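Student: need the 3D shape of this:
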Amino acid sequence: MLELLQAIILSIVQGITEWLPVSSSGHLALLQNVFGFQNLAFDVFLHLASIFAVIIVFWKDIIKLFNFKEKGNLKYIGLLIIGIIPAGIVGVLFKNQIAAFFSSLLYLGIFFMFSGILIYFTKFSKVHKEKPNFLDTIFIGIFQAIAVLPGVSRSGATVSSGLFRGISKEGAVKFSFFMAIPIILGAALIELKDTALSQINYITLIVSFVVTLLVSIFAIKLLLKIIKGDKFYLFGIYDFILGACVVIFSLVK
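Tutor: Next comes the predicted model:
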């Protein structure tokens, strides 16, 4: 049974790591290994709270996006749909294999290191455009599919791939976050029917949701400031060092 204090800790970690490019799934897997509690449905439940945070922070942009009289909005929505397809396919076809990685510290560490390398090299990216085109979207979508692996940051992979394609920092972040909404909502619809959530009392679920929501809003606003200050690549150093420590620990324990 998940205790309230453990749930709050997991919620704070989820709120911070979902949007900062350090992998929420990887950090939750680490903590759950420590607590001896593993519940994929609870992870998805916390992700659902994070999505509400995106909607709150970007609600004006989301409303504007559905103004179809404005040129380019339909095309942008179409690109968002195309971008989520690879992750959707991978998530459905390899669900069991992906879930197995959550219990392996060795793989978790390796994926953290991969994510760190990817993010660090955004330091050398150059801006050529404000919004993605079709090829950019396919490229970003592939990296979002890779990010279903624990330890590979979804925001890190999608923002990084957008920056590699020459998209502006603001454009890459918004496209990444908007793609997350249907992806995570879709995962929630699939996973929250899991009866494993019934093992957790409603007070714990409500408190976890609120904590994750508030911390997520803070993390999103923090990330926007960091990326505008050209410090995004520094998260890559953190991910790589953390991954190396996890790999070493997994080999010597």
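Student: quick one: mean pLDDT over stretch 14-29.
Tutor: The pLDDT scores in stretch 14-29 average 84.
Student: now the end-to-end length of that stretch.
Tutor: The first and last residues of stretch 14-29 sit 11 Å apart, counting by CA to CA, to the nearest Å.
Student: helices or strands up against the helix or strand containing Leu10?
Tutor: Using DSSP states H and E, Leu10 sits in helix 4-17. Judged by 3 or more CB pairs under 8 Å, 6 or more residues apart in numbering; DSSP states H and E, the packing partners of helix 4-17 are helix 24-35, helix 40-57, helix 202-228. Quick note: C-beta positions are derived from backbone N, CA and C, even for glycine.
Student: now do the shortest one: distance to the chain's middle.
Tutor: The gap between the average C-alpha position of helix 24-35 and the chain average comes to 14 Å, counting by CA atoms, centre = their mean, to the nearest Å.
Student: for stretch 94-109, same thing?
Tutor: The chain centre lies 16 Å from the centre of stretch 94-109; the measure is CA atoms, centre = their mean.
Student: now do the buried residues in that stretch.
Tutor: For stretch 94-109, burial by neighbour count (16 or more other CB atoms under 10 Å) applies to Ile98, Phe101, Phe102, Ser104, Leu105, Tyr107, Leu108, Gly109.
Student: try stretch 175-185
Tutor: So, applying 16+ other CB under 10 Å, buried residues of stretch 175-185: Phe175, Ser176, Phe177, Phe178, Met179, Ala180, Ile181, Pro182, Ile183, Ile184.
Student: quick one on the thing from earlier: kindly calculate the angle that the helix holding Leu10 makes with helix 24-35.
Tutor: Between helix 4-17 and helix 24-35, the angle comes out at 160 degrees (axes from the mean of the first three to the mean of the last three CA atoms, to 10 degrees).
Student: give me the contacts around helix 4-17.
Tutor: With contact meaning CB atoms under 8 Å, 6 or more residues apart in numbering, helix 4-17 is reached by 22-24, 26-28, 31-32, 35, 37, 42-43, 46-47, 49-50, 53, 153, 200, 203-204, 207-209, 211-216, 218-219.
Student: okay, angle between it and helix 202-228 too, please.
Tutor: Between helix 4-17 and helix 202-228, the angle comes out at 20 degrees (the same axes, to 10 degrees).
Student: report the central residue of this structure.
Tutor: The centre of the chain sits closest to Arg154, judged by CA atoms, centre = their mean, with a distance of 3.6 Å.
Student: I figured it was touching Ala147, is that so?
Tutor: Yes. With contact defined as CB atoms under 8 Å, Arg154 counts as touching Ala147 (4.1 Å).
Student: quick check, pLDDT for the residue of the chain most remote from its centre.
Tutor: Within the chain, Lys69 marks the point farthest from the mean C-alpha position, 31.3 Å out by CA atoms, centre = their mean. What the model reports as pLDDT for Lys69 is 81.
Student: between the helices and strands packed on helix 4-17, which gets nearest to Ser115?
Tutor: Closest approach to Ser115 among these (CB to CB): helix 24-35, 7.9 Å.
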